[in-house]
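> quick one, fold the following:
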Amino acid sequence: MSEINEAVKLFNSGYVCSQAVFAAFSPKLGLEKNQALKIGACFGSGMRKGEVCGACTGALMVLGLKYGESKAMSNEACERFLDEFKKENGSYICNDLLGCDITTKEGVEFATENKLFKELCPKMVESAAKITEKIINEK
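Okay, the predicted model is just below:
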């Protein structure tokens, strides 16, 4: 199974976006999947504050595992990832992507009623995984 499909599968099985992306790639980069799931646990929903999308955070952890020994390479990979994700999705900020403020009860209710967590978030996970795979395969 590809890392992209694995990331979406993990998200759809109940893991948060950051866990899904990070854990899908981690075994090929020398980190056990269970460890990645633990590390990624607190980064979903923009660190629970609607900030940087957790799928992006998971992807950046992957790129850190791959390129973290070189500040220049990790900086380049980070900037490229965020630029491409924003170009593809309009933003990399969770609240902007969802169109509501998930730090409020009303925002969570809006996202839930409009099935954003079930329909939009898997697309963000897939997008983050695709961009991550592209960057890894090109370098």
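> rest of the way, CA atoms for contacts and neighbours
Fine.
> could you dump the longest helix anywhere in the chain to CSV, C-alpha only?
Criterion DSSP state H: the longest helix present in the chain is helix 116-138. Only the C-alpha atoms of helix 116-138 are listed here, as CSV (Å, rounded to 0.1, in the frame of the first residue of the first chain):
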residue,chain,number,x,y,z
LEU,A,116,-15.9,18.8,7.2
PHE,A,117,-13.9,16.5,9.4
LYS,A,118,-15.2,13.5,7.5
GLU,A,119,-15.1,14.9,3.9
LEU,A,120,-12.5,17.8,3.8
CYS,A,121,-9.9,16.6,6.3
PRO,A,122,-9.2,13.3,4.4
LYS,A,123,-8.6,15.4,1.3
MET,A,124,-6.1,17.5,3.2
VAL,A,125,-4.4,14.3,4.5
GLU,A,126,-4.2,13.0,0.9
SER,A,127,-2.9,16.3,-0.4
ALA,A,128,-0.2,16.5,2.3
ALA,A,129,0.9,12.9,1.6
LYS,A,130,1.1,13.4,-2.1
ILE,A,131,3.2,16.6,-1.8
THR,A,132,5.5,14.9,0.7
GLU,A,133,5.9,11.9,-1.5
LYS,A,134,6.7,14.2,-4.5
ILE,A,135,9.4,16.1,-2.5
ILE,A,136,11.0,12.9,-1.2
ASN,A,137,11.0,11.3,-4.7
GLU,A,138,12.5,14.4,-6.4
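> give me the pLDDT for the residue nearest the centre of the chain.
Central residue check for the chain by Cα atoms, centre = their mean: the C-alpha nearest the mean position is that of residue 55, 1.1 Å away. Per-residue confidence (pLDDT) for residue 55: 98.
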